[in-house]
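Asker: build me a model from this:
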Amino acid sequence: MKLYTANHRGLRSHTLATAKFKSIVISLRFIAPFRLGTINQRALLPEILLGATKKYPSRQLLKRKLDGLYGMEIGSQTQKIGMQSVISFDLSFVSGNYLPGNPDLLREAFILLREVVFNPKLVKGQFMNGLFELEKRNLYEDLEASYHDKTAYSYLRFTKIMFQNELFGLSPRGELDSLPLLSRDQLLLEYKSLIDSDLREIYVVGDVDPKVVDELADQYFSGAPGGDFQYWIDQEGKKIESLIKVIEYGELNQSRVIIGYRTVVKSDSPLFFPMLVLNTILGDGDQAKLFLSIREDQGLSYDIQTSYSGNKGVLLVFAGVDKDQEESVVAQVDDVIWKMSEDSVTISDLKIAKEQLQKGVRESADSPGSLIDRIFINLHLHGRDVSVSEIIRKIEDVKVIDVIRARDTLVKDTIYIFRDGGDE
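Answerer: Prediction:
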């Protein structure tokens, strides 16, 4: 597989030509700085654009068109990556090479994608009020549902506390408190900004001719403003002067405990892969040290796992525990982490963690969507695509001493406990 990259009057196209898949995936991405004032607009905008176009003024008509193109599928998402907001419009469809008559679905896909993004259905220069209110209500109900899910709610509260005054504490899915105030005027303004100012890129993976992709990209999506944003690693942080500990109460059967550690190790750090291995050894799977010690040996938790974000430089520990066992779990987490040494991390620990990570990397290469995500991140972080074999080799090269060095960078920032407390 070879990656072909080209510029088309401000638009960047990236084509991974491969006969490995029977399907083709196209991802059109719009990139802008992640800002508090535009979170709701950029969360809602993709749904509005998919809801009505000039040619297909309802979701039903758009779906009918997609069904007529051999079940073509379209979706969207809004993400925060580094300090950027990334809106993606994704189309997946069967390669015409496997269909009777070899239909040119690639061109059809580009035409349809342009219709969705550049030709929204407007009434008197505004998005349709009924569609706007419907999608805003759907988004509100989706966000509100998180507040009724105890696990999701505890994470939302934790992020607001640990990342107060940092963009990482905001969700690219939208902000519940301010969403009702969003107006059609604000949404239209953000749409115009997306078209006129966003960095624009398109990714194609599948059995395609890169020259044909370039022609289509130039014809349907060129004329972007170009430019670039350099903040693909979250640069925000704070000086930790004291540990933050917050206990909140609600009606729940099982307490939720979240412990947050900051680290200088981020995705562009030499210790990035050792930190990935550390995260796996600590809390990713039923052979992880926290799971074996705190859940299996001591029975202090129902579940316990860790998550590392190299984009931000944080390692989080999540645990579900019985009421009155929260402090014991917090103490045991620290005990497990800081008692790790070159002697206590065994060859077996290292091997299991590496194999688990390498398996995930190989599996990602079996999905066109995952390949696009990997290429996207690597191009922006490293200026080039990083092959599966190179990633696997870097994981394999991690030594125990590297894992301990990564561990030594952890600084505990916040402890959040959400427990049953009735009216408290």
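Asker: what about L379, helix or strand, and which?
Answerer: Element membership of L379, judged by DSSP states H and E, is helix 368-382.
Asker: and the helix or strand just after that helix, what does it pack onto?
Answerer: From helix 368-382 onward toward the C-terminus, using DSSP H and E, the following helix or strand is helix 388-396. Contacts defined by 3 or more Cβ pairs under 8 Å, 6 or more residues apart in numbering; DSSP states H and E place helix 388-396 against helix 272-283, helix 347-364. (Glycine included, C-beta is placed from N, CA and C.)
Asker: show me what counts as buried in the longest one.
Answerer: When you say that, I think you mean helix 347-364. Buried residues in helix 347-364, counted by 16 or more other Cβ atoms under 10 Å: D349, L350, I352, A353, K354, Q356, L357, Q358, V361.
Asker: tell me the pLDDT of the most centrally placed residue in the chain.
Answerer: When Cα atoms, centre = their mean is applied to the chain, the residue found nearest the centroid is Q79 (5.6 Å). In the predicted model, Q79 carries a pLDDT score of 96.
Asker: and it, which of the three is it?
Answerer: The three-state label given to Q79 by DSSP: H, G, I helix; E, B strand; the rest coil is strand.
Asker: nearest to R384, out of the helices and strands packed on helix 388-396?
Answerer: Distance to R384, taken as Cβ to Cβ, is lowest for helix 272-283 among those, at 16.0 Å.
Asker: which residues in the stretch 201-350 of the chain form helices?
Answerer: Here the stretch 201-350 of the chain has its helices, by DSSP state H, counting those that start in this stretch, at 210-221, 272-283, 289-290, 326-338, 347-364.
Asker: for the longest one, name the packing helices and strands.
Answerer: To tie it back to what came earlier, the one meant is helix 347-364. helix 272-283, helix 368-382, helix 388-396.
Asker: likewise the third one?
Answerer: Identification of packing neighbours for helix 289-290 by 3+ Cβ pairs under 8 Å, 6+ apart yields helix 272-283, strand 301-309, helix 326-338.
Asker: and the contacts of that helix?
Answerer: Outside helix 289-290, the residues that touch it by Cβ atoms under 8 Å, 6 or more residues apart in numbering are I281, L282, G283, I304, Q305, T306, V317, V333, V336, M340, D349.
Asker: what sits against D90?
Answerer: D90 sits next to V25, I26, S27, L28, I74, G75, S76, Q77, G369 when contact means Cβ under 8 Å, 6+ apart.
Asker: which one is the second one nearest to, not counting chain neighbours?
Answerer: It stands for I26. Among residues not flanking I26 along the chain, L91 sits closest, at 4.6 Å (Cβ to Cβ, 6 or more residues apart in numbering).
Asker: wait, that neighbour sits on I111?
Answerer: No. When contacts are counted by Cβ atoms under 8 Å, L91 is not listed as touching I111 (10.7 Å).
Asker: between those two, which is the more surrounded one?
Answerer: Higher neighbour count among L91 and I111: L91, with 24 against 13, using other Cβ atoms under 10 Å.
Asker: now do the contacts for that one.
Answerer: V25, I26, S27, M72, E73, I74, A109, L112, L113.
Asker: state the pLDDT value of it.
Answerer: On pLDDT, L91 comes in at 97.
Asker: ramachandran angles for it?
Answerer: Dihedral pair for L91: phi -120, psi 130, per degrees, to the nearest 10.
Asker: partner residues bridging it?
Answerer: I26, I74 (DSSP bridges).
Asker: where's it relative to K124, distance?
Answerer: Separation of L91 from K124 (Cβ to Cβ, to the nearest Å): 30 Å.
Asker: SS state for the nearest residue to L194 once chain neighbours are set aside?
Answerer: Counting by Cβ to Cβ, 6+ apart, F30 is the residue found nearest to L194 once chain neighbours are left out, at 5.2 Å. Recorded secondary structure, F30: strand (three-state DSSP).
Asker: can you report how many residues lie near Q60?
Answerer: For Q60, the count of nearby residues is 9 (other Cβ under 10 Å).
Asker: a helix runs through it, doesn't it?
Answerer: Yes. When three-state DSSP is applied, Q60 is found to be in a helix.
Asker: pLDDT at it, what is it?
Answerer: Predicted confidence (pLDDT) at Q60: the value is 97.
Asker: how near is it to A52?
Answerer: Note on Q60: its distance to A52, by Cβ to Cβ, is 10 Å.
Asker: over to N129?
Answerer: Look at N129 and A52: by Cβ to Cβ, they are 12 Å apart.
Asker: how about S27?
Answerer: For S27 relative to A52 (Cβ to Cβ), the value is 22 Å.
Asker: with I87 instead?
Answerer: According to Cβ to Cβ, I87 and A52 sit 17 Å apart.
Asker: give me the neighbour count for the spatially closest residue to K55 that is not a sequence neighbour.
Answerer: In space, and not counting its chain neighbours, K55 is closest to E115: 5.5 Å by Cβ to Cβ, 6+ apart. The local packing of E115 (other Cβ under 10 Å) involves 18 other residues.
Asker: start the count at 22, not 1, going forward
Answerer: Let's use 22 as the start, then, which means that last one is E136.
Asker: give the rounded mean pLDDT of the helix or strand where E136 lies.
Answerer: Using DSSP H and E, E136 sits within helix 126-139. Averaged over helix 126-139, pLDDT sits at 97.
Asker: that's all I had, so thanks and see you.
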